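J.: My questions concern the predicted model and sequence given below.
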Amino acid sequence: MRVTLGNPATSRRARLQALGLDSKLLAIGVGGGVLSGLLGVGGGIVMVPLLVLWAGYAQRKAHALSLGAIIPISVAGIATYGVAGEVRWWQAVGLAAGSIVGARIGAGLLARIDERVLKVVFGTFLVGVAALLGARG
Amino acid sequence: MSGPTLYVALVAFGVVVGVASGLLGVGGGTLVVPFLTLAVGFSQHSAEATSLLVILPTAIAGSLALRQRGVGDLGLALRFGVVGAAGSVLGALLALALPASTLKIVFAVFVGAVGLRLARDGLRPDKQVGA
């Protein structure tokens, strides 16, 4: 006889389903969050491919899901680093002001640019940055 | 760099970061953290902490723009993110426990991996990006 009522695993799953989440989303969220807090990045670079390839979301939906998730994820990271006194507030305001303007410019350029060439150039640039960081580390 | 010069440089670099992330979906922390450590002289920990504060308003602005266009489900994304927030606290505590030199190497490996993946995506001729 199988009694599922009150089974902790089943009720946990039911609670997750009520929130629209499943175990894959849970794992991707926690993984993206750890990466974000550890490295000071958004985590989208890990979350988007996993949402598409593992959880089966369409590219645009995965992008939107990841971008929205970065809001609570970054708030938690900022709070944790903030308690440790590591956040430099006014420098962040300057960068963020520029970045919001730049994001609009970038989105506008999207249709008129060869994305492949840009990816190769930017990817190569990042590998150079990584080498520089490693050399200075 | 100090005072007003530094601030102008920060805003200008912010524009570059914004353009890169608008175009490629990459560039928030991947660019801000190396800029703050290499050019401004921040410690690795401060650079990462400050980077998260740059990412937050960008994510808010982007999410609102997507919601206006009816793309995605912001409520679900936020609930998904609250789960991620637990991971983020864990990650930040781990970073704070690591020495700056170790954390910098971990970060360098991450940036290198992102760079290689972008270059590979760009060189792959047959890949279709979903609408």
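T.: That came through fine.
J.: now B:Thr37, what's its secondary structure?
T.: When classified by DSSP: H, G, I helix; E, B strand; the rest coil, B:Thr37 comes out as helix.
J.: Report pLDDT for the nearest residue to it once chain neighbours are set aside.
T.: Sequence neighbours aside, B:Ala47 is the residue nearest to B:Thr37 in space, at 4.8 Å (criterion: C-beta to C-beta, 6 or more residues apart in numbering or on different chains). In short, each C-beta sits where N, CA and C put it, glycine included. At B:Ala47, the predicted lDDT confidence score is 97.
J.: Surely B:Val19 is in contact with A:Gly108?
T.: No. Using C-beta atoms under 8 Å, B:Val19 is not in contact with A:Gly108, being 9.4 Å away.
J.: more crowded one of these two?
T.: B:Val19 (22 against 12; other C-beta atoms under 10 Å in any protein chain shown).
J.: Okay, strands next: where are they in chain B?
T.: For chain B, strands defined by DSSP state E do not occur.
J.: Surely the residue nearest to B:Thr37 touches B:Val32?
T.: Yes. At 7.4 Å, B:Ala47 counts as touching B:Val32 under the criterion of C-beta under 8 Å.
J.: which of those two has more neighbours?
T.: Neighbours were counted for B:Ala47 and for B:Val32 using other C-beta under 10 Å; B:Val32 has more, 30 against 27.
J.: what number of residues lie near residue 48?
T.: By default, I'm working from chain A. 23.
J.: right idea, wrong chain: chain B
T.: 32.
J.: so how far is stretch B:87-98 from its chain's centroid?
T.: Stretch B:87-98 sits 16 Å away from the centroid of its parent chain (C-alpha atoms, centre = their mean, to the nearest Å).
J.: Which residues does it contact?
T.: With C-beta atoms under 8 Å, 6 or more residues apart in numbering or on different chains as the test, stretch B:87-98 has contacts from A:29-40, A:43, A:73-74, A:76-77, A:79-81, A:84, A:86, B:45, B:48, B:103, B:106.
J.: Buried ones only from these, please, as a ChimeraX command.
T.: Applying 16 or more other C-beta atoms under 10 Å in any protein chain shown to these, the buried members can be selected in ChimeraX as follows:
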select /A:29,30,31,32,33,34,35,36,37,38,39,40,43,73,74,76,77,80,81,86 /B:45,48,103
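J.: Among the contacts of stretch B:87-98, which lie within helices?
T.: A:29-39, A:73-74, A:76-77, A:79-81, B:45, B:48, B:103, B:106 (DSSP state H).
J.: just so I have it, where are all the helices in the chain?
T.: Since you didn't name a chain, this refers to chain A. A:8-18, A:23-39, A:44-53, A:59-83, A:89-109, A:115-136.
J.: should've been chain B
T.: Under DSSP H, chain B gives helices at B:3-24, B:28-34, B:44-68, B:74-97, B:100-123.
J.: would you turn these into TSV with distance to A:Phe122?
T.: Shown next, in TSV, are these (distance: least, C-beta to C-beta, whole Å):
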stretch	distance to A:Phe122
helix B:3-24	6
helix B:28-34	10
helix B:44-68	18
helix B:74-97	25
helix B:100-123	6
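J.: nearest to A:Ala18, of the ones you listed?
T.: helix B:74-97 (10.2 Å; C-beta to C-beta).
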